[in-house]
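Visitor: Using only what follows, build the 3D model:
(4 chains)
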There are 2 protein chains.
Amino acid sequence: MTLADVAAHAGVSRATASLVLRESPLVAEQTRQRVLASVEALGYVYNRGAASLRMRRTNTIGLVISGLANPFFADLTEGVEEELRPAGYVVLLANTFDDPAHQDMLIRSMMEHQIDGLLIVAAVDSDAGFVTPLRNNGVPHVMTTRRIRGVHASYVGPDDDAGARLATQHLLDHGARELAYFGGPEHGVARIDRVAAMAALLAENGLEPEPSWTVPSRVSSSEGYAMARKLLEHGPPPEAVICHSDAIAFGLMRALRDVGVEIGTGCRVIGYDDVEHAQAWSPSLTSVSVAARTMGRRAARMLMERIEAPGSSPEESLVLRPSLVVRESCGCRPSSAH
Amino acid sequence: MTLADVAAHAGVSRATASLVLRESPLVAEQTRQRVLASVEALGYVYNRGAASLRMRRTNTIGLVISGLANPFFADLTEGVEEELRPAGYVVLLANTFDDPAHQDMLIRSMMEHQIDGLLIVAAVDSDAGFVTPLRNNGVPHVMTTRRIRGVHASYVGPDDDAGARLATQHLLDHGARELAYFGGPEHGVARIDRVAAMAALLAENGLEPEPSWTVPSRVSSSEGYAMARKLLEHGPPPEAVICHSDAIAFGLMRALRDVGVEIGTGCRVIGYDDVEHAQAWSPSLTSVSVAARTMGRRAARMLMERIEAPGSSPEESLVLRPSLVVRESCGCRPSSAH
DNA sequence: AATTGTAAGCGCTTACAATT
DNA sequence: AATTGTAAGCGCTTACAATT
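Guide: Take a look at the predicted model:
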């Protein structure tokens, strides 16, 4: 069942049939109707692969994510799709599980599928070389969420400096003097930037981050829990802690509960990402919100622009300002929790 | 940069070059090395689209998900990928946002991309006709997680009857007499099956579900919260409630807290899905676990088998038995919370 | 002038023939 | 007998020619 069958059924040439499918104005209304009727009658399904080969464009974009199970990335993925679908693109999704070697494989596989462009949340410990094949083959690409040291490519991500300052300032306003930045991948640029921003703001106030609690971790609630329990064996928590993610904050809060520290007074907690459940937790979690879905949309839009304007377009960087969603865990008592 | 270039560089024909890429044993080791060296030297990237057209097989499978932001489906997606990737498949992902019309579009789009098979978590209110185009065009497909009334297709999903009984029995063992099934899409088969199973088991004990709390809802913590708050205005909660999802349970627990009901004593709560944060919540959430990742793997495997054995294979149905992960919210006090 | 058809080609694979 | 090459074709699109 190919276009040739449709053409035969409608009594026109394959060329004409193709023109009506592509909605060309060159074909007479009568003929158009006839062809469309044949498509319907035969239940013809367009072969986009064949068309892509001929047109040298697949209308497919690759999305490489470091960990889909993280709701932050799931949201981002939804944003990407929302933006790309209406524009006629289809997304090829792949998960690296934060493994750089796997990531290299996936990028290669996507290139073999002739993607028109690539969106990537790079694995935390990516080697800077992962973009080389993309650049060499002129595949438009944009990185999002995570910056990798040494990689120069277009980028859409959160302003980590601003985010960390927002949280730090709020805690200082609460009168806290001992602050820590808890968790996050050790060499991740995000963690490094946020810790630096926090330290800078603290320094302006004659303070410095609590070293024993300013430690890296993997990003999950169970990791946050385990690490917090260990630290709590050696003494009480600092007055306030900013967590690298909401998941880590959930783990930390559970650990604090276990040892009888009251959250918001005994220890002020702020999370990062403003995940859906932050609101339902008790106490509800104050969190730095970076609007994952919006970020996905912006990144997708930037990629499309780069695909349209090939070669010429200079590398660009879009940084989104986060906001602080204030709830209870920092010690505030909002009039209504919801 | 095509295979022809590689062949020219290596001084062989395109046919030979193709044979070495496809790892045919027909070509001499020397020639093989020469071609591989040329591939390397030229930085050649295989065009899988062209090969697919010729071979009439794309090694691509479609995955249509009703809502990726739900961590349950994100896990499932990871399971699917884990299984499919090593087998040489690439997954085309699409999100329906539970919209049947959008779902129909996506399925069509995937068929145009010549997917070798389709895995689908159907939108809750899917029309039974959504499989027709797949069947008509002989596209192997398997449904997972959700069963749609009137649709006959291969399926991998949880045993909702067993899951609901597990939770109900546990609550009965705690001495609870007033039980409710809280939330979930009104016409969803899962909710209907679970409520029926619960009612059956209760009937054996001379009881019936608490009607005022056995109500449908959308699946999110904020919906669970809102609905619970509304019900709590009219009186105290039942002795025990099984929630349609962990997210709903989180919302419910928050609402109970707000009005001063102690969870586990004033009201026993059991969730469904055993999401990661169930463990970190306080109290930690007892939940019916259906192992989303495993389900994804099984569904992927079934699909691959159906692709290998075309036509012949009869429709099949694989049902996975869930387990009850007992924590604190039901009133148990496990020796260690983690 | 408006509409439709011819023919080549996108980058591969593979049956079969040809060469050593 | 072992290895390599020839040529056709997968299902489309599109420049250009041909027809009315």
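Visitor: Surely A:D246 and A:Y272 touch.
Guide: Yes. Look at A:D246 against A:Y272 with C-beta atoms under 8 Å: they come within range, at 6.5 Å. C-betas here are computed from N, CA, C, even on glycine.
Visitor: what is in contact with these two at once?
Guide: Residues touching both A:D246 and A:Y272 (C-beta atoms under 8 Å, 6 or more residues apart in numbering or on different chains): A:S287.
Visitor: so where do the helices sit in the stretch 101-250 of chain A?
Guide: A:132-136, A:160-173, A:189-204, A:221-233, A:246-258 (DSSP state H, counting those that start in this stretch).
Visitor: How about the residues of the stretch 1-150 of chain A by DNA strand C?
Guide: Within the stretch 1-150 of chain A, the positions adjacent to DNA strand C are A:11-16, A:19, A:26-28, A:30-31, A:50, A:53-54, A:56 by C-beta under 7 Å from any atom of the strand.
Visitor: Max pairwise distance over those: which two?
Guide: Farthest pair in those (C-beta to C-beta) is A:Q30 and A:R56. Separation: 32.3 Å.
Visitor: From the chain's centroid, how far away is the worst-scoring helix or strand of chain A on mean pLDDT?
Guide: Least confident helix or strand, chain A: strand A:90-95 with a mean of 87, by mean pLDDT, DSSP states H and E. Computed by C-alpha atoms, centre = their mean, to the nearest Å, the chain-centroid distance of strand A:90-95 equals 13 Å.
Visitor: Could you tell me the angle between it and strand B:90-95?
Guide: If you take axes from the mean of the first three to the mean of the last three C-alpha atoms, to 10 degrees, strand A:90-95 sits at 110 degrees to strand B:90-95.
Visitor: Is strand A:90-95 positioned near chain B?
Guide: Yes. Shown here: strand A:90-95 in contact with chain B (C-beta under 8 Å from any C-beta of the partner chain) through A:90-95.
Visitor: and that strand, what does it pack onto?
Guide: Packing partners of strand A:90-95 (3 or more C-beta pairs under 8 Å, 6 or more residues apart in numbering or on different chains; DSSP states H and E): strand A:60-65, helix A:71-84, helix A:100-112, helix B:71-84, strand B:90-95.
Visitor: who's in contact with the third one?
Guide: So that's helix A:100-112. A:62, A:64, A:92, A:94, A:96, A:118, A:120, A:122-123, A:125-127, A:130, A:133-134, A:137, A:139, B:45-48, B:90.
Visitor: touching DNA strand D at all, stretch A:80-89?
Guide: No. Using C-beta under 7 Å from any atom of the strand, stretch A:80-89 stays clear of DNA strand D, coming no nearer than 12.7 Å.
Visitor: Now find how far off-centre that stretch is within its chain.
Guide: With C-alpha atoms, centre = their mean, you get 16 Å for stretch A:80-89.
Visitor: what's the span of that stretch from first residue to last?
Guide: Start to finish, the residues bounding stretch A:80-89 are 10 Å apart (C-alpha to C-alpha, to the nearest Å).
Visitor: What average pLDDT does it get?
Guide: Average pLDDT, stretch A:80-89: 93.
Visitor: What are the contacting residues of that stretch?
Guide: By C-beta under 8 Å, 6+ apart, stretch A:80-89 touches A:59-61, A:63, A:90-91, A:116, A:119, A:293, A:296-297, A:299-301, A:304, B:94-95.
Visitor: before we move on, the earlier item: point out the most buried one among the helices and strands packed on strand A:90-95.
Guide: Of all the helices and strands packed on strand A:90-95, strand A:60-65 carries the top mean neighbour count, a mean of 26, counting by mean count of other C-beta atoms under 10 Å in any protein chain shown.
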